[in-house]
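Undergrad: below is the sequence, then the predicted model.
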Amino acid sequence: MSFEEEVGMLKLGVIGAGKYGAQLLRGFKQAEYQGLAELVAVADIDEKRLQQAAREFGIRGYHDYREMLNKEELDGVGIATPDHLHRDIAVYVARQGVHLFVEKPLDLTVKGCDEIITAAEKANVLLQVDFHKRFDPPHVVLKNEIQKGALGDVLYGYMWMEDTIEVPTEWFPNWASSSSPAWFLGIHCYDLFRFLLGCNAVRVYATGHKNKLKAMGIDTYDSIQAKITFENGATIVFDTSWVLPKHFVNIVNQGFRIVGTEGMWEVDGQYRGITTCVTQDGKTSTPNFYLYRETKDPHGKPFFSGYGIDSMLNFVHNVKRLKTGASLADLKGKYADGVDGKEATRIAVAVHESILTGEVIKL
């Protein structure tokens, strides 16, 4: 008997159809193309976005996510709303007995993370956080090398992740003041090094600058620098910013360097075999096709791939395993769960506390 005959096709929905919600819709649509699930519905309070998403993906649209959950028999839901709105939605989804995939950060408070985790545990549903940098091929290989001891004891490192100013001013100007470079970008970095090093952070010291964006009426940090010490003694410096010039060659500029007693590793997340792409309209870019790319299969059907899509497909595979007899205990340690989301949030909270107090924060 096939999987579909045994438990029925998985049914998926998405809450939030903005920039990354659209990406999540593509990821779940790819799961449909692969016969893993069916993307059936999307919810968003913005009428224009909602109608566009519903038409593009041929699915039902709802203004209220609660109505979507009440009317659709969903197995899994992806949450891609603004960061500060995750908690109430995630708790509601979990209480409906639906597996949930939450965009980073899980929540902007440790208490909020605990509420989401508790709701998921009580309902015995999968809670997975979209820390997709764990799926980037160089990062996967590096983790294996660190585990094998190829770098010896990790001593120190440096990571930068920077966005162009269009992200806070054009992508989401209405809620950028509720976020920061640490929440929007740093959260990825903090989780990545927890993943690579296999341990938690113990000390945080950070500084931040409010200048350009505040002058533009958006009260948030232009840049944040954080020095974080982990349980194994490694000290990593994280530089995050979202005020690079609008016409920089890519929306994101990123990379890192890590040094151990027996070796070092550098990852250039910006230039990956394509140094410059110049189009007829004069635009210059260095696209990150590792993260996301859209092509067509031999039959002309869209094919969405990249490590950003891999993270979403991983969630679908996990739900599929649960539907065919696996337990949450069987999957433990194989995906970024609520505790991982909480630990990354703990670091980000400490970063902001350190900026305000000027003190080293112990975790």
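TA: Looks like it came in fine.

Undergrad: all strands for the stretch 51-200 of the chain, in order.
TA: Shown for the stretch 51-200 of the chain, the strands assigned by DSSP state E, counting those that start in this stretch span residues 60-62, 76-79, 99-103, 127-130, 154-164.

Undergrad: ok, now the stretch 251-363 of the chain?
TA: Under DSSP E, counting those that start in this stretch, the stretch 251-363 of the chain gives strands at 252-260, 264-268, 277-278, 284-285, 293-296, 302-305, 361-362.

Undergrad: got the ones you listed as JSON lines, with mean pLDDT columns?
TA: Formatted as JSON lines, these follow (pLDDT from 0 to 100):
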{"stretch": "strand 252-260", "mean pLDDT": "96"}
{"stretch": "strand 264-268", "mean pLDDT": "94"}
{"stretch": "strand 277-278", "mean pLDDT": "74"}
{"stretch": "strand 284-285", "mean pLDDT": "78"}
{"stretch": "strand 293-296", "mean pLDDT": "90"}
{"stretch": "strand 302-305", "mean pLDDT": "91"}
{"stretch": "strand 361-362", "mean pLDDT": "98"}
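
Undergrad: can you tell me which of those is nearest to Gln34?
TA: Of all these, it is strand 302-305 that lies closest to Gln34, at 9.6 Å by CB to CB. C-beta: built from backbone N, CA, C; applies to glycine.

Undergrad: tell me which strands and helices the closest one is in contact with?
TA: Judged by 3 or more CB pairs under 8 Å, 6 or more residues apart in numbering; DSSP states H and E, strand 302-305 is in contact with helix 19-33, strand 293-296.

Undergrad: mind running it again at 6 Å?
TA: strand 293-296 (3 or more CB pairs under 6 Å, 6 or more residues apart in numbering; DSSP states H and E).

Undergrad: what lines up beside the strand it packs on in the sheet?
TA: strand 302-305 (antiparallel) (DSSP bridges).

Undergrad: so how far is the strand it pairs with off the chain centroid?
TA: From the chain centre to the centre of strand 302-305 is a distance of 19 Å (CA atoms, centre = their mean, to the nearest Å).

Undergrad: alpha carbons of that strand, as PDB, please.
TA: Provided in PDB are the C-alpha atoms of strand 302-305 (Å, rounded to 0.1, in the frame of the first residue of the first chain):
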ATOM      1  CA  PRO A 302       8.600  24.700 -12.100                       C
ATOM      2  CA  PHE A 303      11.300  23.200  -9.900                       C
ATOM      3  CA  PHE A 304      12.200  25.100  -6.700                       C
ATOM      4  CA  SER A 305      15.500  24.100  -5.000                       C
END
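
Undergrad: and it, what's buried?
TA: Across strand 302-305, burial judged by 16 or more other CB atoms under 10 Å covers 303-305.
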